[in-house]
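1. curious how this folds, go ahead:
(chains A and B, ligands or ions: 2)
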Amino acid sequence: MFLQQLVNGITIGSLYSLVALGLTMVYGIMRVLDIANAGAYVLGAYLGVWGYTHTHSLPVALLAGVIGAALVGYLFQRLIYTPVNRPDDPIVPLIASIGLFIVMEDLFRLIAGPWTLTFPARLPFQRLALGGVIVTGSQLTILATAAVLFLLLWLVLNKTKIGLGWQATAQDTETSMAMGINTRAVLAFAFGMGYAFSAIAGILVAVHHNAVFPTMGDIPSYKMLAIVVLGGLGNPLGAILASMLIGLLEAFVGGYVGSSIPTDALAFMALIVILLVRPQGLFTSGGAAK
Amino acid sequence: MPPFLEVQNLQVSYGRARVVRGVSLEVAAGECVALVGANGAGKTSIIRSIMGLTPATGGRVLINGADVTGAPPWKRASAGIGYMPEGRRIFSNLNVERNLLVGAYQVRDQTRVRTSLERIYGIFPRLRERQSQFGSTLSGGEQQMLAIGRALMSDPRLLIIDEVSMGLAPVLVSQAFQLITRLHVEGLTILLVEQNAKKALQVAERGYLLESGRVVLSGTASDLSGHPDFVGTYFGRTCTTGAE
Ligand SMILES: Nc1ncnc2c1ncn2[C@@H]1O[C@H](COP(=O)(O)OP(=O)(O)O)[C@@H](O)[C@H]1O
Ligand SMILES: [Mg+2]
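-> Ligands and ions are numbered 1, 2, ... in the order given. Purely as a prediction, here's the structure:
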């Protein structure tokens, strides 16, 4: 039971991490709390289903989600957030992002219909039974994908030139520009990657629950805010740790206490407790540092 | 051949406040030019406008004869300007070496980057010792070295330094000016922005004196230091404000 909930918790935490990372990347570079990032999660799921039904290939589905979401992230950044962003007024982009999220949700409903689509993907992993603990194929897929993406993000941030530009821009955009960094390109890259991460999470969730529906981003849209604040805004490692914490909390409370406590509220309860004890978040915040 | 940097009738306003009112200046290859003036005269605004960080409300900026007035800052950096901003602006979440690498962001050739890095570590052995420490852990003097080193990483054709002496102990100020002198003697073109006019004019060959957003005096360093207006009004003031 304990080990089973541990596995379940880490799986949930891995999914949350991907969305929280998407949000945190965008926040870290532009100081925008981007609710529409949860729209990328749903967009990813829809593009994934679309790609999968045409090719029956999960990699193609992931690719469709990644490309589509990255493009949308780039366009939002370029056409909406950059024009409305003022260093002294974070409320305007926040409201814009809520508006974008609502528009996206309605577009999904209009284009794909209000009903639930199925996503019966064939997975690269078989169900695994270790002792009494069962790890399903979709759980393994989630864990493996998350591990690969964490590594990828770390490599990009610390071992590539654009990652250096990203970290510099996240801390001091002005000085970065004057040092020769094309911050416009860096911003586009960070938004694209942030949206792509959320899209991948959306696809994995859709496969896991075999369901895609227009409002599937509602709960993540606010739960991720709680997680990202918990982890220290703009701090990728903090976002991962906070996601794991919430994932484990949900799994254990769900497993041991049952449904008398709504698990979706746990992230907020944790947030309230942490804000009372450690207002700066669990892990000190910073730019897009490791 | 046009001067490397040419500023023509530059104007900068913040809202209704006109802070730079028609400033023209130039820096030719090989020169060291000082831009001096009291606190609030508009020196930093001019430099930020040259770098493209603050938009000009009038006038033009030319680098190597090309008009860059509307160009983004990174284009100006790649045109050959190394810049040490006021207040140093070290990246505190990056270690010393990565701070330096940011300065070489535009350099593609990795062997050139290594060479520059070695050169900077040669000039500032302290930075080599602290290469993997975060920017935030450095002392003020070390941050100053890092800011200058970062500006030199791209092997710039013009180095712009905004207030090297700001917030430094007198010994460190002297060391900084010695370094600037050395870089200039080795052939680097420099635009030196200073409140500390006396020190700046010991290094520079020419200078401009700025007052309330206008150039009120310009000429060779010895002309400027000897000028009665200058001696009377300006050195008097630096002695009292120079300590900040
Ligand atoms: N971002 C800004 N917004 C409004 N006023 C500014 C801003 N930056 C500088 N100023 C004002 O412009 C004037 C010139 O400042 P600055 O260019 O920093 O002068 P200096 O570098 O010579 O001390 C000062 O009166 C200063 O208060
Ligand atoms: Mg200044």
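2. who are the contact partners of residue 46?
-> As the question left the chain open, I've gone with chain A. Each residue near A:Tyr46 by Cβ atoms under 8 Å, 6 or more residues apart in numbering or on different chains is listed here: A:Phe108, A:Ala112, A:Leu117, A:Val212. From N, CA and C alone the C-beta is placed, and that goes for glycine too.
3. that's the wrong chain, I meant chain B
-> Neighbouring residues of B:Ile46 by Cβ under 8 Å, 6+ apart: B:Val7, B:Leu10, B:Val12, B:Val20, B:Val23, B:Leu25, B:Leu35, B:Leu210.
4. pretty sure the fourth one is in a helix, no?
-> This means B:Val20. No: looking at B:Val20 with DSSP: H, G, I helix; E, B strand; the rest coil, it is strand, so not inside a helix.
5. for it, which non-adjacent residue is spatially closest?
-> The shortest distance from B:Val20 to any non-neighbouring residue, by Cβ to Cβ, 6 or more residues apart in numbering or on different chains, is to B:Val12 (3.9 Å).
6. assign that neighbour to helix, strand or coil.
-> strand.
7. my guess is it meets B:Ile50, correct?
-> No: B:Val12 lies out of contact with B:Ile50 (Cβ atoms under 8 Å); the separation is 10.5 Å.
8. so between these two, which is more surrounded?
-> Using other Cβ atoms under 10 Å in any protein chain shown, the more surrounded residue of B:Val12 and B:Ile50 is B:Ile50, with 26 against 23.
9. residue contacts, that one?
-> With Cβ under 8 Å, 6+ apart, B:Ile50 has these contacts: B:Leu5, B:Val7, B:Val61, B:Arg76, B:Ile81, B:Ile160.
10. for the closest residue to the first one other than its chain neighbours, report the pLDDT, please.
-> Spelled out, that is B:Leu5. Nearest residue to B:Leu5, sequence neighbours excluded (Cβ to Cβ, 6+ apart): B:Val27, at 4.3 Å. B:Val27 is assigned a predicted lDDT (pLDDT) of 96.
11. quick one: least confident helix or strand in chain B?
-> Within chain B, no helix or strand scores below helix B:236-241, which has a mean of 44 by mean pLDDT, DSSP states H and E.
12. distance of the most centrally placed residue in chain B relative to A:Leu130?
-> Nearest residue to the geometric centre of chain B (Cα atoms, centre = their mean): B:Ile161, 1.5 Å. Here the criterion is Cβ to Cβ, to the nearest Å. By it, B:Ile161 lies 63 Å from A:Leu130.
13. same check on A:Ala112?
-> Separation of A:Ala112 from A:Leu130 (Cβ to Cβ): 38 Å.
14. and those two? Which one has more around it.
-> Neighbour count, other Cβ under 10 Å: between A:Ala112 and A:Leu130, A:Ala112 has more, with 17 against 9.
15. so what's that one up against?
-> Shown in contact with A:Ala112 (Cβ under 8 Å, 6+ apart): A:Tyr46, A:Val212, A:Pro214.
16. try it again at 7 Å.
-> Residues near A:Ala112 by Cβ atoms under 7 Å, 6 or more residues apart in numbering or on different chains: A:Tyr46.
17. ranges for the helices of the chain?
-> In the absence of a named chain, chain A is used. A:2-30, A:37-55, A:58-76, A:82-84, A:91-112, A:137-159, A:161-171, A:173-178, A:183-209, A:218-231, A:236-252, A:266-277 (DSSP state H).
18. not quite, I wanted chain B
-> Using DSSP H, helices in chain B cover B:43-51, B:73-78, B:96-103, B:110-123, B:125-129, B:140-152, B:170-185, B:197-203, B:221-226, B:228-229, B:236-241.
19. residues from chain B in reach of chain A?
-> B:51, B:53, B:72-74, B:77-78, B:83, B:85, B:89, B:91, B:93-94, B:98, B:101-103, B:105-106, B:150, B:154 (Cβ under 7 Å from any Cβ of the partner chain).
20. show me how to select, in ChimeraX, the buried members of those.
-> Taking 16 or more other Cβ atoms under 10 Å in any protein chain shown as the burial criterion, the selection of buried members of the residues of chain B next to chain A in ChimeraX is written as:
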select /B:51,53,73,74,77,78,83,85,89,91,93,94,98,101,102,103,105,106,150,154
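21. near ligand 1, which residues of chain B?
-> B:Tyr14, B:Ala17, B:Val19, B:Gly37, B:Asn39, B:Gly40, B:Ala41, B:Gly42, B:Lys43, B:Thr44, B:Ser45 (Cβ under 6 Å from any ligand atom).
22. list the contacts of residue 48.
-> Since you didn't name a chain, this refers to chain A. Taking Cβ under 7 Å, 6+ apart, one finds A:Ala61, A:Leu62, A:Ala64, A:Gly65, A:Phe119, A:Ile203, A:Ala206 in contact with A:Gly48.
23. should've been chain B
-> Contacts of B:Arg48 by Cβ under 7 Å, 6+ apart are B:Thr54.
24. so it versus ligand 2, what's the distance?
-> Per Cβ to the ion, to the nearest Å, B:Arg48 is found 9 Å from ligand 2.
25. ok, and the closest non-adjacent residue to A:Glu105?
-> A:Pro214 (5.5 Å).
26. what of B:Gly167?
-> B:Gly140 (5.8 Å).
27. kindly report the same for A:Pro87.
-> Nearest to A:Pro87 is A:Arg31, by Cβ to Cβ, 6+ apart, at 7.7 Å.
28. for that neighbour, phi and psi?
-> phi 60, psi 40 (degrees, to the nearest 10).
29. dump stretch B:180-200 to CSV, keeping only the CA atoms.
-> Coordinates of the C-alpha atoms in stretch B:180-200 are reproduced here as CSV (Å, rounded to 0.1, in the frame of the first residue of the first chain):
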residue,chain,number,x,y,z
ILE,B,180,41.8,51.8,-17.8
THR,B,181,45.0,53.6,-18.6
ARG,B,182,46.8,50.4,-19.4
LEU,B,183,44.0,49.2,-21.7
HIS,B,184,44.0,52.5,-23.5
VAL,B,185,47.8,52.4,-23.9
GLU,B,186,47.4,48.9,-25.4
GLY,B,187,45.2,50.5,-28.1
LEU,B,188,41.7,50.2,-26.8
THR,B,189,39.2,53.0,-27.6
ILE,B,190,37.4,54.1,-24.5
LEU,B,191,34.5,56.4,-23.6
LEU,B,192,34.8,57.1,-19.9
VAL,B,193,31.8,58.4,-18.0
GLU,B,194,32.7,59.9,-14.7
GLN,B,195,31.6,62.1,-11.9
ASN,B,196,35.2,62.1,-10.8
ALA,B,197,36.3,64.5,-13.5
LYS,B,198,39.9,65.0,-12.2
LYS,B,199,40.7,61.3,-12.4
ALA,B,200,39.0,60.9,-15.8
